[in-house]
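[1] Would you be able to build a 3D model of this:
(chains A and B)
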Amino acid sequence: MNSSLLTPSSSSHVQIPATTFDHEDFLDQIFASSPWPSDEAPPPPPPSSDGFVDSRHQQIMMMPLPSHHQNEVVDGSSVHSLYNGFSAGGSLPFHIPQGTAGGMMNQQGQALTQKQNQPQVSASIATGGTAAAPPQSRTKVRARRGQATDPHSIAERLRRERIAERMKGLQELVPNGNKTDKASMLDEIIDYVKFLQLQVKVLSMSRLGGGASNSQISEENTSSAVAGGNQATGNSNDSLTMTEHQVAKLMEEDMGSAMQYLQGKGLCLMPISLATAISTATCHSRNTLIPGAAGGVGGHPSSPNLSGMSVQSTNKVKLSGNGVTEGSPPLVVKEAV
Amino acid sequence: MQPTSSMKEEFLKKWQMGLQIYRPLIDNTSVSERRKAIKLSADVAMASLRRGTTCWSRALIQKTATEDNFLVRQMLSGIKAETLMNKKLPKVMCHRKIVRRSKKILMRRKSKSVSEEIAAKARKLVKRKTQGLRNVVPGGEFMNNDVLLIQETLDYIVSLQTQVNVMRSIVDAAEAGIER
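    I've put the predicted structure just below:
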């Protein structure tokens, strides 16, 4: 199925996927009575502790229930609740595009907004015909009969489930992944991947060495130091390579998360002046690599070990056999602190 | 899932194998050449850990093959190299643009309410972000399926972490050797 994040609502009818964890329940309670039962169901179940996943499931739309389900809010008004389940998990969990056939319940919108703290929710709930009784906020979402068995909505629901699962896994992996918002979560993921790629690049540079290439490396690193570094120290963008640009951009976008990454990795940023002072102090012939300089934004711990991306790496790789240090090809070269 | 030490070992071995291929060239090359050698061999090593099961690994291998075919062939001995390189990457990129254009036309005809517009904007935002993610992950342009994209991203992140850990450990070890 064509799944893009922008899955549009399927038709003018309401497509209302049930919340994923309740769907068996819903199916049990689905009636055949009419495709447009006049009742409206109340908003989604309360958010659980796992805000992220649940929030994604709460894109609900309520499904109209037959009149004899009193726990569901509604009464026998003739308002259809047309909610489209859209954006298959792609969009922010709370927005609810308007169905074309009917109005959305005001109350439902309100109830939903109470539950969700997304601004879009309130905005997105349209006003329409309102049912008499306000929906209870804790009632379950029910799939409409006809839609629940609709292969499209089931497939969509399944797809959303899968996306939610995987996002959950990513959340644990990416630092600072406690965002409930899909867009910001994606942002974090992108930044983290870029950061890792940059690290690889810098680390691969840090292994190169030799006398002749000293100046070249220190140049490259100076520029990267400038780039990655202190905004205050006047980074000149002229000489930046693309990756340095990336780091700079990362820093600009969210200094906090950039620092967090570095902190998590045991890296340190230091002012360029200090770095150059240390490098000249140690030895001229040795190759010192001091990548990011920087404005220690408030109290960033600076590690004494300066070479390369200095690291207190707790999990060293088990070097097998002849050991990496000797056995490694000449590409791996000594760095001096 | 965090990088395990067995993953790291495997990566290290494969990477060393790749670097050995460059060994004769070491002394006569410039820094950027050496960096390229390191990067390429590390990339192929990382991708080969997955043995062609993931989309990003195949795409990465194909990318490095365009830069250094010989290396790739050597590192992925024999059969795997051929199968990986002959795989055609799906050509779905053009479809996306067509779909987008037709959607734009459709959108113009609809009358919008404020909430609808906001919802649409939110969707667009997420869409743009996923596109950004596709740009970063190798082979991402071919993952139209969001589920697949996120899955691949997860796997790619773990592999990158492995790579970074191994490289960092080597740097540490080298430093430790120097200091003595």
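[2] Any stretches of chain A with poor pLDDT?
    A:1-148, A:206-271, A:281-337 (pLDDT under 70).
[3] The same query, at a cut-off of 90, please.
    For chain A, the stretches with pLDDT under 90 are A:1-152, A:159-160, A:162-186, A:188, A:197-337.
[4] now chain B
    In chain B (pLDDT under 90), the answer is B:1-120, B:123, B:130-156, B:158-160, B:162-180.
[5] ok, the spatially most central residue of it - contacts?
    Among the residues of chain B, residue B:138 comes closest to the average C-alpha position under C-alpha atoms, centre = their mean, at 3.4 Å. Residue B:138 makes contact with B:56, B:59-60, B:63, B:156, according to C-beta atoms under 8 Å, 6 or more residues apart in numbering or on different chains. Glycine gets a C-beta too; all of them are placed from N, C-alpha and C.
[6] That one sits in which helix or strand?
    For residue B:138, there is no helix or strand it lies in under DSSP states H and E.
[7] what's the answer for residue A:164, then?
    helix A:151-173.
[8] What are the buried residues along that helix?
    A:153-154, A:156-157, A:159-164, A:166-167, A:169-171, A:173 (16 or more other C-beta atoms under 10 Å in any protein chain shown).
[9] near chain B, from these?
    A:159, A:162-163, A:166-167, A:169-170, A:173 (C-beta under 8 Å from any C-beta of the partner chain).
[10] could you dump these to a markdown table with distance to residue A:275?
    Formatted as a markdown table, these follow (distance: C-beta to C-beta, whole Å):
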| residue | distance to residue A:275 |
| --- | --- |
| A:159 | 50 |
| A:162 | 47 |
| A:163 | 44 |
| A:166 | 40 |
| A:167 | 39 |
| A:169 | 38 |
| A:170 | 34 |
| A:173 | 31 |
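[11] quick one: the residue nearest to the centre of chain B from residue B:61, how far?
    In this view, residue B:138 and residue B:61 are 9 Å apart by C-beta to C-beta, to the nearest Å.
[12] is it true that residue A:167 touches residue B:149?
    No - counting by C-beta atoms under 8 Å, residue B:149 is not a contact partner of residue A:167; they are 10.9 Å apart.
[13] Please name the nearest non-neighbouring residue to residue B:72.
    residue B:65 (4.5 Å; C-beta to C-beta, 6 or more residues apart in numbering or on different chains).
[14] and the closest residue in space to residue B:140 that isn't next to it in sequence, helix, strand or coil?
    Nearest residue to residue B:140, sequence neighbours excluded (C-beta to C-beta, 6+ apart): residue B:134, at 3.4 Å. The three-state label given to residue B:134 by DSSP: H, G, I helix; E, B strand; the rest coil is helix.
[15] Wait, residue B:134 touches residue B:149, no?
    Yes - if you go by C-beta under 8 Å, residue B:134 and residue B:149 touch, sitting 6.7 Å apart.
[16] The two - which one has more neighbours?
    residue B:149 (23 against 19; other C-beta atoms under 10 Å in any protein chain shown).
[17] My guess is that one contacts residue B:143. True?
    Yes - with contact defined as C-beta under 8 Å, residue B:149 and residue B:143 form a contacting pair (4.4 Å).
[18] Quick check: residue B:50 is in a strand.
    No - with three-state DSSP as the criterion, residue B:50 is coil rather than part of a strand.
[19] Using just helix, strand and coil, how would you label the closest residue to it other than its chain neighbours?
    Leaving aside its sequence neighbours, residue B:50 sits nearest to residue B:57 (C-beta to C-beta, 6+ apart; 4.1 Å). For residue B:57, the assignment made with three-state DSSP gives helix.
[20] looking at it, residue B:57 is touching residue B:43, isn't it?
    No - between residue B:57 and residue B:43 there is no contact, the gap being 9.6 Å when judged by C-beta under 8 Å.
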